[in-house]
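J.: heads up, no residue letters with this:
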């Protein structure tokens, strides 16, 4: 019982990431209904997830400092409430402009209980066990990918997109409040401001800061592009929406397996973190190449297992790599300061994928670009110096 109580913050973090960052797994289901509703192309709607990178890229450095200074529970509750209320507004939006503004609000709320905050909490709460804690929390994203797409597919079979989205927002708000109040400690994390100033003046001169930031930026942007592309990609191959939901669910289960492996091996292999990160990126690249060539369901499932396994296990790599090179007391600021590096790739990835689909009717060129991008990210990981 004592052990279970000790891991409550990790399980609450898992819930926050599942019903926060994990929601990207259902974005693709709303692209086609929104396209019909507002009369715009897929490329236009694929700009939406850019907000999930643009907003954190702008505000995450400030949020990272808040993680090191104020009550994380209060921060998460504010973010969860604002995000789900904004999502409810999207569901009732009379125009694309209103929907876009509300989605920006959703992205802002998401930043307040997203990876920068949750990962900072895990590193601070579980010193020496951070790989396991980060992996447990990150399992939430894989669980969301496994569970939410079939649920949303079923909702869309019985409700219009507005009713389905409102139902999701209402249910998740209740679940998030319950998880945070039960499992997230109420105390502030409390790091001296002087330490913050010393850190801010020193991290930008370290090679590891830039290499980790670029590596993770490329890897995460690929994950976002693939999450958006999966539903229309499978439909373009002749599968139904329900079948697409189950395919994505299999990807989530594979990701859950990958995170379980990190939870088991991560702390033991802390001195080989750069090799682990590179291997996970190359595993995803192999999956993308196989998905490009796949024509049968068995080959598609194999490709998705590789993509899910590598992508799921890579999610904890951002704070895990940083914890190998930077002090845990200031990990929130380091994670947040790297977020602007996500912007250049995030601003072009999803819209270009949508443009490629609008022009060709398939995602072949996107899968090639994904494989190349993952190879470049693996190279950045291998260039990291050995951790001290």
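T.: Ah, there it is. Everything numeric here is computed off the predicted structure, so don't read it as measured data.
J.: for residue 100, phi and psi?
T.: As for residue 100, its main-chain torsions (degrees, to the nearest 10) stand at phi -70, psi -40.
J.: so where is the stretch 1-150 of the chain shaky, pLDDT-wise?
T.: Where the stretch 1-150 of the chain drops to pLDDT under 70, the residues are 1-4, 42-43, 46, 64, 68.
J.: next, the buried residues of whichever strand or helix holds residue 86.
T.: Using DSSP states H and E, residue 86 falls within helix 72-91. Going by neighbour count (16 or more other C-beta atoms under 10 Å), the buried part of helix 72-91 is 72-73, 75-77, 79-91. All C-beta spots, glycine's among them, are computed from the backbone N, C-alpha and C.
J.: run through who's touching stretch 249-265.
T.: 25, 131-132, 134-136, 138-139, 141-147, 149-150, 230, 276, 280, 301, 304-316, 320 (C-beta atoms under 8 Å, 6 or more residues apart in numbering).
J.: now it: buried residues?
T.: Buried residues in stretch 249-265, counted by 16+ other C-beta under 10 Å: 249-263, 265.
J.: then stretch 344-363?
T.: For stretch 344-363, burial by neighbour count (16+ other C-beta under 10 Å) applies to 345-347, 349-357, 363.
J.: how about stretch 293-313?
T.: Per 16+ other C-beta under 10 Å, stretch 293-313 contains these buried residues: 294, 300, 303-313.
J.: what about the stretch 201-350 of the chain, any weak spots by pLDDT?
T.: Using pLDDT under 70, the stretch 201-350 of the chain drops low at 201, 263-271, 328-332, 346.
J.: what packs against the helix holding residue 86?
T.: Packed against helix 72-91 by the contact rule (3 or more C-beta pairs under 8 Å, 6 or more residues apart in numbering; DSSP states H and E) you find helix 51-67, helix 96-112, helix 115-125, helix 161-183.
J.: save those helices as a markdown table, and put in mean neighbour count too.
T.: Output for those, formatted as a markdown table (neighbours: other C-beta atoms under 10 Å):
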| stretch | mean neighbour count |
| --- | --- |
| helix 51-67 | 21 |
| helix 96-112 | 19 |
| helix 115-125 | 27 |
| helix 161-183 | 17 |
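J.: for those, give me a markdown table that also has distance to residue 12.
T.: Conversion of those to a markdown table gives the following (distance: least, C-beta to C-beta, whole Å):
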| stretch | distance to residue 12 |
| --- | --- |
| helix 51-67 | 15 |
| helix 96-112 | 15 |
| helix 115-125 | 9 |
| helix 161-183 | 3 |
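J.: list the contacts for the residue most central in space within the chain?
T.: When C-alpha atoms, centre = their mean is applied to the chain, the residue found nearest the centroid is residue 21 (4.5 Å). Each residue near residue 21 by C-beta under 8 Å, 6+ apart is listed here: 110, 114, 115, 141.
J.: kindly recompute the last result at 6 Å.
T.: Going by C-beta atoms under 6 Å, 6 or more residues apart in numbering, residue 21 touches 114, 141.
J.: the inter-axis angle of the host helix or strand of residue 338 versus helix 51-67?
T.: For residue 338, the element it lies in under DSSP H and E is helix 331-338. Per axes from the mean of the first three to the mean of the last three C-alpha atoms, to 10 degrees, the angle that helix 331-338 makes with helix 51-67 is 150 degrees.
J.: and for residue 248, the neighbour number?
T.: Residue 248: 27 surrounding residues under other C-beta atoms under 10 Å.
J.: quick check, it in a helix?
T.: Yes. According to DSSP: H, G, I helix; E, B strand; the rest coil, residue 248 belongs to a helix.
J.: quick one: which helix or strand includes the residue nearest to it when sequence neighbours are not counted?
T.: Spatial nearest neighbour of residue 248, chain neighbours left out: residue 149 (4.3 Å); criterion: C-beta to C-beta, 6 or more residues apart in numbering. In the assignment (DSSP H and E), residue 149 maps to helix 130-158.
J.: which parts of that helix are buried?
T.: 130-149, 151-153, 155-156.
J.: and if you look at stretch 315-329?
T.: Buried-residue list, stretch 315-329, by 16+ other C-beta under 10 Å: 315-326, 328-329.
J.: possible to save those as CSV with secondary structure?
T.: CSV is the format used below for the buried residues of stretch 315-329 (three-state DSSP):
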residue, secondary structure
315, coil
316, coil
317, helix
318, helix
319, helix
320, helix
321, helix
322, helix
323, helix
324, helix
325, helix
326, coil
328, helix
329, helix
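J.: got these as JSON lines, with distance to residue 162 columns?
T.: Compiled in JSON lines, the buried residues of stretch 315-329 are given as follows (distance: C-beta to C-beta, whole Å):
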{"residue": "315", "distance to residue 162": "31"}
{"residue": "316", "distance to residue 162": "35"}
{"residue": "317", "distance to residue 162": "37"}
{"residue": "318", "distance to residue 162": "34"}
{"residue": "319", "distance to residue 162": "36"}
{"residue": "320", "distance to residue 162": "39"}
{"residue": "321", "distance to residue 162": "41"}
{"residue": "322", "distance to residue 162": "40"}
{"residue": "323", "distance to residue 162": "42"}
{"residue": "324", "distance to residue 162": "46"}
{"residue": "325", "distance to residue 162": "46"}
{"residue": "326", "distance to residue 162": "44"}
{"residue": "328", "distance to residue 162": "44"}
{"residue": "329", "distance to residue 162": "45"}
